[in-house]
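J.: Make a model of this:
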Amino acid sequence: MRWASYYAIFLVVLETHAAVWECKLPGLFKECYDFYSRMARVQDTPAYSIQSRCINSYLWKTSFVRYHVSLSTSDINYIRSLQREMESKRRYKRYKRQAATPVAVRREFRTLSDAEREAFFNAVNAMKNDGRYDALANMHTGIALQSGHEGPGFLAWHREYLTAFETALRRVDPSVSLPYWDSSKDFVMDNPALTSFFSSALVGNGDGIVVNGPFAGWPARPDGQRLSRDIGVIGSLFTPEGLDLFLNDPTVNLTRQIVLGTNEMLANTLEGQHNNVHNWVGGDMSRLNTAAHDPVFFMYHAHVDYVWERFREKQIALGSANPEADYPIINSPLHQPDRAMDGFPNVTNLEGFSNRYTSELYTYANSPECADGCGGSRFLRCSTTINRCVALTAAEVGGTADTNQNPVVDMGDFQFFNTFNDPRTRFARSTEHIRHKRDNAYIQTLLPKYALNLSHKPTSIANPFTKYGFNNHKTTITHKPKYASKTAVIHGTTPVLERGRQNLFSLDGVCDVSRWAYIPVKIINERDVSGPGFNSPIIVRDQFIPGVDIYNPLVYTALRPLFYQTRGQVVAKFPTCKKVNSGVKKVYIRSDGLTYDGHFIEHAVMDERQPISETTAYVAVKHPKLGPGKAILTAYDSSGRVCEPKCLIPGSYPPSYRTCSGVINISNLPPKMYGDDYGQAVRSQWNFVPGGCPSQQRSPIYLVFYCSPSVQWPWKKCLT
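T.: Numbers count the residues shown, from 1 in each chain. Sure thing, here's the model as predicted:
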């Protein structure tokens, strides 16, 4: 009974003061959770979508209390020089109508020749070497996170931003245009995570620190940490059906519909669908303040801009609105039409809707289709089944499917709000349902004279801006990227379930594991009995019973009453949710600093076959030796299901738990409820007896995450 006495003393101390204790959900969280919970249904929107949006919003609005990076004076002057050059080009094109050929022709990245692709890579690396790339990437932070997102300013601000980036590229090499990445070509693959786009042949691997391709070893953030990705864990690429709303549906013809959503569905917004791809790419791309440090950001956003431009063409064809004036008014001072863009003070939000961009600065070639031989790309093939161009895998482009087996680096921040669900079922990977439509097929029948007929070869033109002081020479590249257009061995990406886990341990701009403490958390996973079972059928009298596996709790009298209530309840899931017959499942646990700039993510391996499975994970937070801190801890799986946090009830014996916010304070008050390092945290949970079997300690874990297939929002009880 000695352990019971010690435990009673622990509970008495815990009631008075402790190293870890619960905080109430901040008001900004409550407002956000309440708003989106009323706007969406758990059957239509994965809970992770709302949770990520609300944490993201909180971090935006309270960024002033945490460490952050600001643009230097030289960075600001450089960006202003780009603006002056852009405006000079507009003036020149306006008064020199004979030079009607657009300065830049943006084409799908995979339709570029090897030489054109390498020229683009070299220009980007040259900008990286002289610091100009980082200056532009750091613009995607601060107030721009709010004024350039969640409203019509999203479309306008990013259009101006992309134009500035392209202008910077063409200062290095005037022959280069900004290509776009049409991720719907990868979506229609059987396994999009195997796309050759994320391989050493193109933009480098997608499974952790980027160690191959043209951007290998890039320091992607101010703290010097390397560029990182984590593709295919959660979210979704652009879907053909999703794009069809903007490109072909004649009932979707007003900007308000693609900004605020149709039928009050946030999933129908262009920004909402765009968020899914950021989360699908993961790593730096999944966080707003680091997303632009991955060059994939600019190629991806060029495609978002491409979709918006084709939507504007549709408006002209249908006569539904004037694209230049169709600026929806919303209840946000940051998105008012006459407000100057953050970072671009000479341009208003409404001016970002001008036709001058695509009539005077750049234009788009159509996304490759089967009809044009998929643009002649060796990275695409035409699927006759769906009549669409489909991305090839790394193995299919002539190399090997070997992966770099690089540990995944997680940036650990909730930044992009997933809204759109993959229309395919959770287990079926067939693509036969996808419509056989080309981009703007319906609209192009209405625009025989308006449709663009662009060559795949870039147009060579003289630079008319020498008199404005902008040089036309090709910048010398001091560092040749280690990139070969035809790589002997093409490295792909490690499958999600086989990836390791590596964090950056960056806290307030300093990367050092000793600045972090570890706290144990317990994960309890309840099996979802609404979906298909596992390949372990029951055998009765030498007969297989099809459709029922031996682990299914509904088979057993002792368990059926406990699980039957969840049968038939279907909650929204992401397309990355794939059940495997071994039962292996990852639950991701993450901490996000609310009073410090730091993020951490870990995954726990669960057995999804079992009615109930349990494990312990160890999550890092700011070490109390640096001062007290506050963080929010969350847990979710690849389906987008969010686990409900439960906090220990002080004084309860045996230990009992109640629903809580997941927001905790961490201090150095006794009793010590954290480990100074990972090893100490693990040691605190186990008794090691020489020559014997380790046994778990009796002291309770403070925080438990309950992952259940509930059809109510996991934060519902915290809103009362």
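J.: Output the below-cut-off pLDDT ranges for the stretch 551-700 of the chain.
T.: 565-569, 575-578 (pLDDT under 70).
J.: Centre-most residue in this structure?
T.: N279 (1.6 Å; Cα atoms, centre = their mean).
J.: so which strand or helix has that one?
T.: Following DSSP states H and E, one finds N279 within helix 270-281.
J.: elements contacting that helix?
T.: helix 153-172, helix 255-260, helix 296-318 (3 or more Cβ pairs under 8 Å, 6 or more residues apart in numbering; DSSP states H and E). In short, each C-beta sits where N, CA and C put it, glycine included.
J.: Quick check: buried residues in the longest one?
T.: If I follow you right, that is helix 296-318. For helix 296-318, burial by neighbour count (16 or more other Cβ atoms under 10 Å) applies to 296-317.
J.: Go ahead and produce CSV holding the CA coordinates of it.
T.: C-alpha atoms of helix 296-318 as CSV (Å, rounded to 0.1, in the frame of the first residue of the first chain):
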residue,chain,number,x,y,z
VAL,A,296,6.8,24.7,-54.8
PHE,A,297,4.7,27.5,-53.2
PHE,A,298,5.2,29.8,-56.2
MET,A,299,4.5,27.1,-58.8
TYR,A,300,1.4,26.0,-56.9
HIS,A,301,0.0,29.5,-56.4
ALA,A,302,0.6,30.2,-60.1
HIS,A,303,-1.9,27.4,-60.7
VAL,A,304,-4.4,28.9,-58.3
ASP,A,305,-4.0,32.2,-60.2
TYR,A,306,-4.4,30.2,-63.5
VAL,A,307,-7.8,28.8,-62.2
TRP,A,308,-8.9,32.3,-61.2
GLU,A,309,-8.0,33.7,-64.6
ARG,A,310,-10.0,30.9,-66.4
PHE,A,311,-12.9,31.7,-64.0
ARG,A,312,-12.7,35.4,-65.1
GLU,A,313,-12.8,34.3,-68.7
LYS,A,314,-15.9,32.3,-67.9
GLN,A,315,-17.5,35.5,-66.4
ILE,A,316,-16.8,37.3,-69.6
ALA,A,317,-18.2,34.5,-71.8
LEU,A,318,-21.4,34.2,-69.7
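J.: how distant is that helix from the center of its chain?
T.: 20 Å (Cα atoms, centre = their mean, to the nearest Å).
J.: go on, stretch 638-658?
T.: 28 Å.
J.: And for stretch 382-389?
T.: 27 Å.
J.: how long is that stretch from one end to the other?
T.: End-to-end distance of stretch 382-389 (Cα to Cα, to the nearest Å): 4 Å.
J.: do stretch 367-381 as well
T.: 13 Å.
J.: For it, buried residues please.
T.: Those would be 367-370, 372, 374-375, 377, 379-381, for stretch 367-381 by 16+ other Cβ under 10 Å.
J.: Tell me how far the residue nearest to the centre of the chain lies from W516.
T.: 25 Å (Cβ to Cβ, to the nearest Å).
J.: I'd like the next helix or strand past the host helix or strand of R117.
T.: Element membership of R117 [criterion: DSSP H and E] is helix 114-129. Later in the chain than helix 114-129, the nearest helix or strand by DSSP H and E is helix 132-137.
J.: Show the average pLDDT along that next one.
T.: Confidence over helix 132-137, taken as the mean pLDDT, stands at 94.
J.: which helices and strands does that helix pack with?
T.: Going by 3+ Cβ pairs under 8 Å, 6+ apart, helix 132-137 lies up against helix 73-95, helix 114-129, helix 153-172.
J.: try 7 Å
T.: helix 73-95, helix 153-172 (3 or more Cβ pairs under 7 Å, 6 or more residues apart in numbering; DSSP states H and E).
J.: Quickly compare those helices and say which is most buried.
T.: With neighbours taken as mean count of other Cβ atoms under 10 Å, those reach their highest mean count in helix 153-172, at a mean of 23.
J.: Quick check: which helices or strands does the helix or strand following it pack against?
T.: Counting by DSSP H and E, the next helix or strand C-terminal to helix 153-172 is helix 184-187. In terms of contacts (3+ Cβ pairs under 7 Å, 6+ apart), helix 184-187 is packed against strand 388-391.
J.: What lies in contact with the strand it packs on?
T.: 185-186, 188-189, 195-197, 368-370, 374, 379-383, 434 (Cβ atoms under 7 Å, 6 or more residues apart in numbering).
J.: one more time with 6 Å, if that's ok
T.: Outside of strand 388-391, the residues within contact range by Cβ atoms under 6 Å, 6 or more residues apart in numbering are 185-186, 188-189, 195, 368, 374, 380-383.
J.: what pairs with it, and is each one parallel or antiparallel?
T.: strand 380-383 (antiparallel) (DSSP bridges).
J.: For the partner strand, give the mean pLDDT please.
T.: On average, strand 380-383 scores 95.
J.: picking that back up, let me know the closest of the buried residues of stretch 367-381 to D134.
T.: F379 (28.7 Å; Cβ to Cβ).
J.: I'd like to know how far that closest one sits from L392.
T.: 6 Å.
J.: how long is stretch 620-629 from one end to the other?
T.: Terminal-residue distance, stretch 620-629 (Cα to Cα): 12 Å.
J.: nope, stretch 643-654 is what I was after
T.: Start-to-end, stretch 643-654 (Cα to Cα) is 23 Å.
J.: all numbers from here: first residue = 101
T.: New numbering, starting at 101: the last item is stretch 743-754.
J.: List the buried residues for that stretch?
T.: 743-749.
J.: do the same with stretch 210-224
T.: In stretch 210-224, counting by 16+ other Cβ under 10 Å, buried: 210-212, 216-224.
J.: Rebuild those residues as a markdown table, extending it with distance to S795 and pLDDT.
T.: Output for the buried residues of stretch 210-224, formatted as a markdown table (distance: Cβ to Cβ, whole Å; pLDDT from 0 to 100):
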| residue | distance to S795 | pLDDT |
| --- | --- | --- |
| R210 | 56 | 97 |
| T211 | 62 | 96 |
| L212 | 61 | 96 |
| E216 | 63 | 96 |
| R217 | 58 | 95 |
| E218 | 60 | 95 |
| A219 | 63 | 96 |
| F220 | 59 | 97 |
| F221 | 56 | 97 |
| N222 | 60 | 96 |
| A223 | 61 | 97 |
| V224 | 55 | 97 |
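J.: any idea which of the residues you listed is closest to D707?
T.: R210 (40.0 Å).
J.: who's in contact with the closest one?
T.: 477, 479-480 are the contacts of R210 under Cβ under 6 Å, 6+ apart.
J.: I'd like those written out as JSON lines, with distance to R488 added.
T.: Below are these laid out as JSON lines (distance: Cβ to Cβ, whole Å):
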{"residue": "S477", "distance to R488": "13"}
{"residue": "F479", "distance to R488": "14"}
{"residue": "L480", "distance to R488": "10"}
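J.: coming back round to it: C-alpha coordinates for the helix holding N379, PDB please?
T.: C-alpha atoms of helix 370-381 as PDB (Å, rounded to 0.1, in the frame of the first residue of the first chain):
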ATOM      1  CA  LEU A 370     -11.000  28.600 -54.200                       C
ATOM      2  CA  GLU A 371      -9.000  29.500 -51.100                       C
ATOM      3  CA  GLY A 372     -10.500  26.600 -49.200                       C
ATOM      4  CA  GLN A 373      -9.500  24.000 -51.800                       C
ATOM      5  CA  HIS A 374      -6.100  25.700 -52.100                       C
ATOM      6  CA  ASN A 375      -5.600  25.100 -48.300                       C
ATOM      7  CA  ASN A 376      -5.900  21.400 -48.800                       C
ATOM      8  CA  VAL A 377      -2.900  21.200 -51.100                       C
ATOM      9  CA  HIS A 378      -0.700  23.200 -48.600                       C
ATOM     10  CA  ASN A 379      -1.500  20.600 -46.000                       C
ATOM     11  CA  TRP A 380      -1.000  17.700 -48.400                       C
ATOM     12  CA  VAL A 381       2.500  18.900 -49.200                       C
END
